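Trainee: sequence first, then the predicted structure:
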Amino acid sequence: MKRIAVLASGRGSNFQAVIDAIRQGSIPAECVGLVSDNPGAYAITRARSAGIPVFIVDYSRYSTKDEYEADLLRVMKSLHADLFVLAGYMRILGAGIVREFPGKLINIHPALLPSFAGLHAQRQAIEYGVRVSGCTVHFVDEGVDTGPIIVQSCVPVLPGDDEESLSERILKEEHRCLPRAIRAFCEDRIRVSGRRVSIVGEDSAPPA
Ligand code: GRF
């Protein structure tokens, strides 16, 4: 059974989708910790009700990002996780941390990457005028939302949409895609070849 840990800064609805999928037996893993940079995150309440250990590394208590990340790294290492899931973790992980966990960090992003990386992806999509958007689960590399793509799903952008209505539509897909990617990881069905990722048993044509 794989050990997974989740990093979240806020509401934690994606984290909840992961908790539910583990409970239902569709992700063969144990969630060994929730790590949050924000002591007010609702994700913490979700972890406590699910009996998942909580580790708070309160960003506001540090004077530099390096000091914060040194403690964050210590906590992450102590968890001995096979996979770290960034589920609404609202900071960019420093290169030092990314290098410590090659192939073991994934993130969920509310747009079809490589479009609309960074913050406010849904607002960027509306303002750009795209007709479809969606979500992406990807490996984390040293860039911002640039790592190899594991799962994507698209939704329409409708004429009357605002940031909120589009976010809601995308979120539903996030809650399907993130557990799906984690499940594939935990079942050792993910193959990476350069930028191209295939999921054994899901993709009919894996990359050469
Ligand atoms: C999601 O839209 C996720 O894609 C983005 O931040 C949001 C977090 O939502 N990175 P939640 O905390 O999982 O509810």
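Mentor: Alright, I've got the coordinates.

Trainee: what does this protein put close to the ligand?
Mentor: Selection of the chain residues close to the ligand by C-beta under 6 Å from any ligand atom yields 8, 10-14, 87-88, 108-110, 171, 174. (Glycine included, C-beta is placed from N, CA and C.)

Trainee: any chance of those in TSV, with pLDDT and secondary structure too?
Mentor: Listed next are these as TSV, based on pLDDT from 0 to 100; DSSP: H, G, I helix; E, B strand; the rest coil:
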residue	pLDDT	secondary structure
Ala8	98	coil
Gly10	98	coil
Arg11	98	coil
Gly12	98	coil
Ser13	98	helix
Asn14	98	helix
Ala87	98	coil
Gly88	97	coil
Ile108	98	strand
His109	98	strand
Pro110	98	coil
Leu171	98	helix
Glu174	98	helix
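
Trainee: write the ChimeraX selection for whichever of those residues are buried.
Mentor: Buried residues within those, as defined by 16 or more other C-beta atoms under 10 Å, are selected in ChimeraX through the command that follows:
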select :8,10,12,13,14,87,88,108,109,110,171,174
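
Trainee: just the residues of the chain next to the ligand now: which is nearest Gly25?
Mentor: When the residues of the chain next to the ligand are compared for distance to Gly25 (C-beta to C-beta), Asn14 wins out at 18.9 Å.

Trainee: where along this protein do the strands fall?
Mentor: Taking DSSP state E as the criterion, the chain contains strands spanning 2-7, 29-36, 54-56, 83-86, 105-109, 132-139, 149-156, 190-193, 196-199.

Trainee: need those in JSON lines (columns: distance to Lys77).
Mentor: Supplementary listing: those in JSON lines, determined by distance: least, C-beta to C-beta, whole Å:
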{"stretch": "strand 2-7", "distance to Lys77": "11"}
{"stretch": "strand 29-36", "distance to Lys77": "11"}
{"stretch": "strand 54-56", "distance to Lys77": "11"}
{"stretch": "strand 83-86", "distance to Lys77": "11"}
{"stretch": "strand 105-109", "distance to Lys77": "13"}
{"stretch": "strand 132-139", "distance to Lys77": "19"}
{"stretch": "strand 149-156", "distance to Lys77": "24"}
{"stretch": "strand 190-193", "distance to Lys77": "23"}
{"stretch": "strand 196-199", "distance to Lys77": "25"}
